[in-house]
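Colleague: Dropping a prediction and its sequence here:
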Amino acid sequence: MKNLKKLLIKKLLYGGYGLAEAEDKAYMVDYALPGELVEADVYREKKDHSFARTVKVLIPSLSRRDAPCPYYGTCGGCQLQHLKYNEQLKLKEEILLETLSRIGKVHVKSLEPTLHGGEFGYRIRVQFKVSGGRLGFFERRSHNLVDVESCLLVHPSINGLIPSLRELSKRLKSLKEIHVFYSPHEKEFILKLFPEDIPPKEKLKKSMENLLTSNIVGVGVYHRGKAYSLGRDFTFVKVGLYRYRVSIDSFLQVNYLLWDSFVEEAVPKSDFERVLELHCGVGFFSLFLANRSRFLVSYDSNRSAIRDAEYNAKMNSLGNISFEHGDGFEALRRHAGDVIDLLFLDPPRSGLSEGEAKLILQNKPKEIVYVSCEPTTLARDLKTLLTGGYYLASLRMVDNFPNTYHIEAIAHIRMG
Ligand SMILES: C[S@@+](CC[C@H](N)C(=O)[O-])C[C@H]1O[C@@H](n2cnc3c(N)ncnc32)[C@H](O)[C@@H]1O
């Protein structure tokens, strides 16, 4: 039975919810926009806040649009398609500023102009859920599979592959997930298959016969880790003037439309003697940082990424970078006594550990670039750094994930 309530939405929250307040309670409402009056079904009640889903928009916002995707509202992949794209940018900027101020007590007066590209067709990596010939994504907060013909967020070439992947999941019944990685420069794919049990190589080859096109250059099979692979497990991409090898097990920024401008805005325009980078991945920023550094040491905890990064430095004839496999904390401990002119950070969503933040404040690098994909941990870490004597020189949002609630940002931080 539905538990319906009329709610007036005050603002948009991180996560894509509209916030309403009624009877001393906060309501987090899916698919609702600031200023709207909606009828919503309350599906989870907690003591001081509840979750609801818009059933009917009684008074719509001028910023509302019909979602371009036919699966929107069922598929859990996007949260903001009902909001005009320019308004998505505006409201995400407000959320970023509000999060920094609420969690970090960091009050930023103005942001640098946001980096954004096209709102669709930007993802070159995607994880499809599959089940016996059905392929798509999970519904929001559920493990029900929404079967899709195509996805507006992914590169059109990935959509072109969907019929074959669907057929593969029919032939290989134990398949649960297919991860696709597409290189827009090489126009080739690598696939990661996640079956419930490992198919013998011959069976997999037979299942793929006359099905997968020749531009699928490699297929890896994963079951509690990597079982085996067929073909190549890497491809190449270009960022600016540099060419990168990227293995299927290494991280790569998903929004290829922003690669060049992202690097341009994140890497400082001045020159540095000694630069330390944690979380370097395949060297996405490192190759450009090397041009600004006399000597650069870059760390990542993923061996596959470090192998790619070393290869990439050589392939691009850059001799002043040393890539090390290692955890950020260990790296900071190892360089504890060194003079560091620039520290470049791009952590996962968890942000910096307490130990890492402490070591940074002891070492006091002159300048820090902090690239973040999670505003709540950015706010927490900025608070620590700013209390320790730094100031925030500039902050820029990067809309790496249009139509979803995710927010990326670049913070340039200097010693006060
Ligand atoms: C958001 S990605 C950024 C990678 C790279 N900067 C890029 O733009 O492609 C975060 C990277 O941090 C690495 N990582 C995660 N935890 C780490 C840790 N504790 N120490 C060092 N690297 C870590 C991951 O392997 C991943 O490559």
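Modeller: Happy to help now that I have it.
Colleague: Same question for stretch 270-290: list its buried residues.
Modeller: Within stretch 270-290, the residues that count as buried by 16 or more other Cβ atoms under 10 Å are 272, 274-290. No exception for glycine: its C-beta is placed from N, CA and C like everyone else's.
Colleague: so what's A393 up against?
Modeller: 412-414 (Cβ atoms under 8 Å, 6 or more residues apart in numbering).
Colleague: Give me the neighbour count for the residue of the stretch 101-250 of the chain found nearest the ligand.
Modeller: At 6.9 Å from the ligand, S250 is the closest residue in the stretch 101-250 of the chain, using Cβ to the nearest ligand atom. S250: 24 surrounding residues under other Cβ atoms under 10 Å.
Colleague: got a list of what it touches?
Modeller: Per Cβ under 8 Å, 6+ apart, neighbours of S250: 281-282, 302, 304-305, 308.
Colleague: Helices - which of the residues you listed land there?
Modeller: 304-305, 308 (DSSP state H).
Colleague: so which of those also contact the ligand?
Modeller: Among those, the residues lying close to the ligand (Cβ under 6 Å from any ligand atom) are A305.
Colleague: Using TSV, lay out the ones in helices among the contacts of S250 together with pLDDT and neighbour count.
Modeller: Listed next are these as TSV, based on pLDDT from 0 to 100; neighbours: other Cβ atoms under 10 Å:
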residue	pLDDT	neighbour count
S304	97	20
A305	98	25
D308	98	26
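Colleague: Around the ligand, pick out the residues from the stretch 301-416 of the chain.
Modeller: Counting by Cβ under 6 Å from any ligand atom, the stretch 301-416 of the chain sits next to the ligand at 301-302, 305, 327-328, 346, 348, 373.
Colleague: Roughly how far does R140 sit from N400?
Modeller: 21 Å (Cβ to Cβ, to the nearest Å).
Colleague: So for the two, which sits in the more crowded spot?
Modeller: Comparing R140 with N400 by other Cβ under 10 Å, the one with more neighbours is N400, at 23 against 18.
Colleague: looking at this, that one is in a strand?
Modeller: No. N400 is assigned coil when assessed by DSSP: H, G, I helix; E, B strand; the rest coil, not a strand.
Colleague: That one against L257, yeah?
Modeller: No. With contacts counted by Cβ atoms under 8 Å, N400 stays clear of L257, the gap being 9.3 Å.
Colleague: what helix or strand is C69 on?
Modeller: For C69, there is no host helix or strand (DSSP states H and E).
Colleague: Need the nearest residue in space to it, chain neighbours excluded.
Modeller: L152 (4.9 Å; Cβ to Cβ, 6 or more residues apart in numbering).
Colleague: Run a quick neighbour tally on that neighbour.
Modeller: Using other Cβ under 10 Å: L152 sits among 23 other residues.
Colleague: which SS state does it fall under?
Modeller: Strictly by three-state DSSP, L152 counts as coil.
Colleague: and if you look at F138?
Modeller: Criterion first, three-state DSSP; result for F138: strand.
Colleague: And for it, nearest residue in space, chain neighbours not counted?
Modeller: That would be G76: by Cβ to Cβ, 6+ apart, it lies 5.2 Å from F138.
Colleague: okay, the contacts of A393 in a markdown table with distance to K203, pLDDT and neighbour count next?
Modeller: What follows is the contacts of A393, written out as a markdown table (distance: Cβ to Cβ, whole Å; pLDDT from 0 to 100; neighbours: other Cβ atoms under 10 Å):
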| residue | distance to K203 | pLDDT | neighbour count |
| --- | --- | --- | --- |
| H412 | 53 | 98 | 17 |
| I413 | 53 | 98 | 23 |
| R414 | 58 | 98 | 14 |
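Colleague: Now flag whichever of those residues is closest to the ligand.
Modeller: H412 (15.8 Å).
Colleague: Which residues are in contact with that closest one?
Modeller: 268, 367-369, 392-395.
Colleague: Which strand or helix spans it?
Modeller: strand 408-415.
Colleague: still on that earlier bit, between the contacts of S250, which is nearest S169?
Modeller: Of all the contacts of S250, S169 sits closest to S304, with 25.9 Å by Cβ to Cβ.
Colleague: Report the buried residues of the lowest-mean-pLDDT helix or strand in the chain.
Modeller: Sorting the helices and strands of the chain by mean pLDDT, DSSP states H and E puts helix 201-208 at the bottom, at a mean of 90. Within helix 201-208, the residues scored as buried using 16+ other Cβ under 10 Å are 204, 207-208.
Colleague: Now rank the residues of the stretch 301-416 of the chain next to the ligand by neighbours and give me the top one.
Modeller: Neighbour max across these (other Cβ under 10 Å) = A305, 25 neighbours.
Colleague: For that one, list the residues it contacts.
Modeller: By Cβ under 8 Å, 6+ apart, the neighbours of A305 are 247, 249-251, 280-282.
Colleague: same thing but at 6 Å, please
Modeller: 250, 281-282 (Cβ atoms under 6 Å, 6 or more residues apart in numbering).
Colleague: So which of those residues is the closest to P163?
Modeller: Nearest to P163 among these, with distances taken as Cβ to Cβ, is S250, at 28.3 Å.
Colleague: Per-residue pLDDT of the closest one, please?
Modeller: Reading off the confidence values, S250 has pLDDT 98.
Colleague: cool, S157 as well?
Modeller: pLDDT, read off for S157, is 97.
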